[in-house]
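[1] missing the sequence, but the structure's below:
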């Protein structure tokens, strides 16, 4: 959808480059006029005006190109993030849990954001910085093909050093991404578990893990930069040195009368506009490698296996009965459920009791369609839940996990997430039915300055920060539908 904007950005950049050549040509004409003894003021004024108009047009078209490419880029980044966030709910919970929250945050936030520079600047700027020197070189060949070739002498030498630096760039950048992901994971784990760390006096051990990850990340970048420093410095010093070939050979040719002074000076002036833009264009090669690595990371998420569910249900459940038939499930290669059979009648309260690790939470998650069974079947109202769309399952089955997460919104908005179109009255009614209305009302009375008071719905405008862990779990039931699955129900 953004192809048109990117193409317009490239065309604007190309037009700007062509206009940007005007000052170089004007400077050459002025030098030739001075050397030939031209004393007409209008001649120099005309070429100065040409240079000024070309400069202004280049600046205007370049700004237009950047504006168009940035708008297209931000739309692309938005689309990428939306696709990733749309993908995650369709994937099995185990697949998501295998990826640390720090790594997922880096992919969705940091790495996608880092694509802004190459996407927004690469096309217009690289186009301008490559096409400009090409136009100048063509003009140099028109003036004198020998001097044009001499202006390119520094390229193979400088490029040899730069290519040596780039030889292992892809591997080095990939390694830096992995160490950064590991550091992000350690940071998130340390901050997220700080309460447990303090309670059990494990701050030294946990902090050491974080320090180790940070040091490993720093060492990775230091080793990378140390190994590429000499080649990069040598390449950057040699590449722009176009006069190394032009001056000695040009002087020799001029002394022998095979090169006019006017052409010699014009070549010197124009040669300054060849290498610096090419160096700038060359600097985008690392951005291309970065984009490839980031695209691969995003593609790994988007290509992840979805839970196999149909778009439409051929048969809807007859009631709310839940039945497990010879259910088997494994975390990777370790089977944790071995042929479980269970029947839960509608309208009843049932409890699964057992030691930690016996599979209680796994059964709850399977019923809630957070995973799919490996063998056997789970039926809802006589229908295999794998034949129901995920939206139909979440509409009929509610799940309260051990870790109660509330969004940074009002209680009203958190409950409404169960049904986006619910009115305030319906949300309040749901809060009453799940037994958390009175609790929220008491919190509202204590925190009267911290919630809205414009109508009778004030009791559900308390901010979630004021809800305790048990209160949060209880209030979350207000979002629920028909069957309610409570994991670690003593928190409710």
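    Received it, and whenever you're ready, just let me know what you need. Just so it is clear, the structure is predicted and the values come from calculations on it, not from any experiment. Numbers count the residues shown, from 1 in each chain.
[2] quick one: contacts for the residue nearest to residue 18 when sequence neighbours are not counted?
    Spatially, and ignoring its direct neighbours in sequence, residue 18 is nearest to residue 135 (7.1 Å; C-beta to C-beta, 6 or more residues apart in numbering). Every residue, glycine included, has its C-beta placed from N, CA and C. Listed by C-beta atoms under 8 Å, 6 or more residues apart in numbering, the contact partners of residue 135 are 17, 18, 21.
[3] Can I get those in TSV including secondary structure?
    Output for the contacts of residue 135, formatted as TSV (DSSP: H, G, I helix; E, B strand; the rest coil):
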residue	secondary structure
17	helix
18	helix
21	coil
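[4] Quick one: the strands in the chain, in order.
    322-331, 334-344, 375-380, 383-384, 397-400, 483-486 (DSSP state E).
[5] Please identify the most buried of those strands.
    strand 397-400 (a mean of 21; mean count of other C-beta atoms under 10 Å).
[6] quick check: mean pLDDT across it?
    Mean pLDDT, strand 397-400: 76.
[7] outside of stretch 250-259, which residues touch it?
    144, 146, 147, 150, 260, 261, 264, 267, 268.
[8] buried stuff in that stretch?
    Going by neighbour count (16 or more other C-beta atoms under 10 Å), the buried part of stretch 250-259 is 250, 253, 259.
[9] Could you do stretch 418-436 as well?
    Of all the residues in stretch 418-436, those buried under the rule 16+ other C-beta under 10 Å are 418, 422, 427, 428, 430, 431, 434, 436.
[10] quick one: which of these is nearest to residue 167?
    Within the buried residues of stretch 418-436, the smallest distance to residue 167 is 55.2 Å, found for residue 418 (C-beta to C-beta).
[11] who does the helix ranked longest in the chain touch, helix- and strand-wise?
    If you go by DSSP state H, the chain has its longest helix at helix 41-87. If you count contacts as 3 or more C-beta pairs under 8 Å, 6 or more residues apart in numbering; DSSP states H and E, helix 41-87 packs onto helix 3-20, helix 22-35, helix 112-114, helix 116-143, helix 285-302.
[12] and residue 61, which of these is closest to it?
    Closest among the helices and strands packed on helix 41-87, using C-beta to C-beta: helix 3-20, at 3.3 Å.
[13] Can you tell me what sits against that closest one?
    By C-beta under 8 Å, 6+ apart, the residues outside helix 3-20 that reach it are 53-55, 57-62, 64-66, 68-69, 71-72, 75, 123-125, 127-128, 131-132, 135.
[14] ok, so of the buried residues of stretch 250-259, who is nearest residue 346?
    For these, the residue nearest residue 346 by C-beta to C-beta is residue 250; the value is 94.4 Å.
[15] want to throw the buried residues of stretch 418-436 into CSV with pLDDT and distance to residue 88?
    Listed next are these as CSV, based on pLDDT from 0 to 100; distance: C-beta to C-beta, whole Å:
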residue, pLDDT, distance to residue 88
418, 71, 19
422, 82, 24
427, 81, 26
428, 82, 31
430, 80, 26
431, 78, 28
434, 74, 27
436, 76, 28
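[16] Narrow the residues you listed to those in helices?
    427, 428, 430, 431.
[17] now the second one: how far from residue 438?
    This means residue 428. 12 Å (C-beta to C-beta, to the nearest Å).
[18] who's in contact with residue 57?
    15, 16, 19, 22.
[19] Please tell me which one of those residues counts the most neighbours.
    Most neighbours among the contacts of residue 57, by other C-beta atoms under 10 Å: residue 16, with 25 neighbours.
[20] any idea how far it lies from residue 66?
    Counting by C-beta to C-beta, the gap from residue 16 to residue 66 is 10 Å.
[21] returning to what we had before: right, and the helices and strands packed on helix 41-87 - which one's nearest residue 393?
    helix 285-302 (22.5 Å).
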